[in-house]
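*Asks:* Task: produce atomic coordinates for the following.
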Amino acid sequence: MLYLDIPAAQLQRDTMAAALRGAAATMTAEEVMSVLSNAAVDLPGRDDLLEETVASYDVADAVRGAALGALARTAPARAVTAARNVRDTGEQVVLAALTVLGRLGEPSDMETVAGLAGAPETSRVVVARADFARTLLAHRFGLRGQDEPAPLALLSDPGPTGYTFVSRQTGATHASLVLAAARDWVPEISAETHVVLDITCGEQPTHLVLRRDLLDAQSHNHLLSAPAVLGYGVSTNSENGTLGVALLFLYQPAANGVVLRATRTTGEPVYAGTMEQAADSGLSADLYAVRRPGAPACRIRGLVSGTGLEVFGRSTRTAAVPKRVPERRPEGDPSDDFVQRPEPHQGKPPSAEDT
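*Replies:* Residues are numbered from 1 along each chain as shown. Model (predicted):
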């Protein structure tokens, strides 16, 4: 979200409440939400107003959903309570509630998640978000007995034509900024529980916030005995220039070894691969890019050894799979409003190994 700087004189509670209902002449709901979502702004009564907005049926669903997302940043416990109390089927509200419960809820919220996605008119988007909320709860709390994820089509190794990247330790000052950004999504993160590494892939730096448990053989053996969230990818939001969590690294034991995936915060898989025990009680992880429109071929390797944690790999500079662009169907066409047309392929065509 783009954070706007609005004069304090306009930020009166009644004015903001009216704007959130679309009934103010001086401000829009989007402008008010840009302020309420910014945790850096000290605004008395903010959390009360957000909570009331989530529960108000005379406010647009998109605004109510945004209010719940903002409340998750400013008052996580209140956001969980508000998500549990969602009773309507407004899609934007339900999606926000599922996201909050997945990242901040308790194992007992599995039932609430099922209820939110159980309406007959539930869309595929809501069903997918509910599935990911259950996945996230299982990984956060190490819940065994979960279904194994379906196999994914992966792109092949970029080979020698790709450019390489290697992680480096982050300085203490910058690491504290990265951890603060991660806490906006995961309140319990700290320098005691996670280590920060920097990777520059092309021109875009990415910060890996990984569990310190991985560095100790005894601890990581216990950690890897059940589903777990191993860490997060933090990067700069191109819209507002702020740091935020962009990827989750999820580990799950499976019948044929283990499954390691990096997903977006809404559940879409970006990388997938495996992790296994290495020499000297270390760990070795191998991830490849998931085949999807616009994805460059990429291979990421992670090694834990007696000398510490290292992440390195190789990636192409162009998309290995053409991007898709929306195209409106003719008026009166009963199918979806938009279809996806592949863009002309700009890079090296995918090899047969990619198909």
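*Asks:* How far does the longest strand anywhere in the chain sit from its chain's centre?
*Replies:* What stands out as the longest strand in the chain, according to DSSP state E, is strand 243-254. The offset between the C-alpha centroid of strand 243-254 and the centroid of the whole chain comes to 8 Å, using C-alpha atoms, centre = their mean, to the nearest Å.
*Asks:* Kindly report the same for stretch 288-302.
*Replies:* Between the centre of stretch 288-302 and the centre of its host chain there is 17 Å, according to C-alpha atoms, centre = their mean.
*Asks:* In the protein, what residue spans correspond to strands?
*Replies:* Taking DSSP E as the criterion, the chain carries its strands at 163-166, 168-169, 194-201, 204-211, 228-236, 243-254, 257-264, 269-278, 282-289, 298-305, 308-315, 324-328, 338-342.
*Asks:* Select, out of those strands, the one closest to residue 16.
*Replies:* For the strands of the chain, proximity to residue 16 was assessed by C-beta to C-beta; strand 243-254 is nearest, at 24.1 Å. All C-beta spots, glycine's among them, are computed from the backbone N, C-alpha and C.
*Asks:* In the closest one, which residues are buried?
*Replies:* Within strand 243-254, the residues that qualify as buried by neighbour count (16 or more other C-beta atoms under 10 Å) are 243, 245, 246, 247, 248, 249, 250, 251, 252, 253.
*Asks:* Just checking: what are the partner strands of the longest strand of the chain?
*Replies:* When sheet partners are counted by DSSP bridges, strand 243-254 sits next to strand 228-236 (antiparallel), strand 257-264 (antiparallel).
*Asks:* Point out the most buried one among those strands.
*Replies:* strand 228-236 (a mean of 22; mean count of other C-beta atoms under 10 Å).
*Asks:* For that strand, C-alpha coordinates in PDB please.
*Replies:* Taking C-alpha atoms only, strand 228-236 is exported to PDB below (Å, rounded to 0.1, in the frame of the first residue of the first chain):
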ATOM      1  CA  ALA A 228       8.000 -26.000   9.900                       C
ATOM      2  CA  VAL A 229       8.400 -22.400   8.600                       C
ATOM      3  CA  LEU A 230      12.200 -22.200   8.100                       C
ATOM      4  CA  GLY A 231      12.300 -18.500   7.200                       C
ATOM      5  CA  TYR A 232      11.200 -15.600   5.200                       C
ATOM      6  CA  GLY A 233      12.300 -13.600   2.200                       C
ATOM      7  CA  VAL A 234      12.200  -9.800   2.800                       C
ATOM      8  CA  SER A 235      12.400  -7.400  -0.100                       C
ATOM      9  CA  THR A 236      11.500  -3.800  -1.000                       C
END
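*Asks:* mean confidence for it?
*Replies:* Regarding strand 228-236, the rounded mean pLDDT is 95.
*Asks:* how deep is the nearest residue to residue 86 once chain neighbours are set aside tucked in, by neighbour count?
*Replies:* Taking C-beta to C-beta, 6 or more residues apart in numbering, and ignoring the residues beside it in sequence, residue 86 has residue 97 as its nearest neighbour in space, at 4.3 Å. Counted by other C-beta atoms under 10 Å, the residues lying close to residue 97 total 33.
*Asks:* Next one: residue 97 from residue 286, what distance?
*Replies:* Taken as C-beta to C-beta, to the nearest Å, the spacing of residue 97 relative to residue 286 amounts to 36 Å.
*Asks:* thinking again about what came up before, just send the strands of the chain back as JSON lines, with distance to residue 220 too.
*Replies:* Compiled in JSON lines, the strands of the chain are given as follows (distance: least, C-beta to C-beta, whole Å):
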{"stretch": "strand 163-166", "distance to residue 220": "22"}
{"stretch": "strand 168-169", "distance to residue 220": "19"}
{"stretch": "strand 194-201", "distance to residue 220": "13"}
{"stretch": "strand 204-211", "distance to residue 220": "8"}
{"stretch": "strand 228-236", "distance to residue 220": "9"}
{"stretch": "strand 243-254", "distance to residue 220": "10"}
{"stretch": "strand 257-264", "distance to residue 220": "12"}
{"stretch": "strand 269-278", "distance to residue 220": "9"}
{"stretch": "strand 282-289", "distance to residue 220": "6"}
{"stretch": "strand 298-305", "distance to residue 220": "7"}
{"stretch": "strand 308-315", "distance to residue 220": "11"}
{"stretch": "strand 324-328", "distance to residue 220": "39"}
{"stretch": "strand 338-342", "distance to residue 220": "41"}
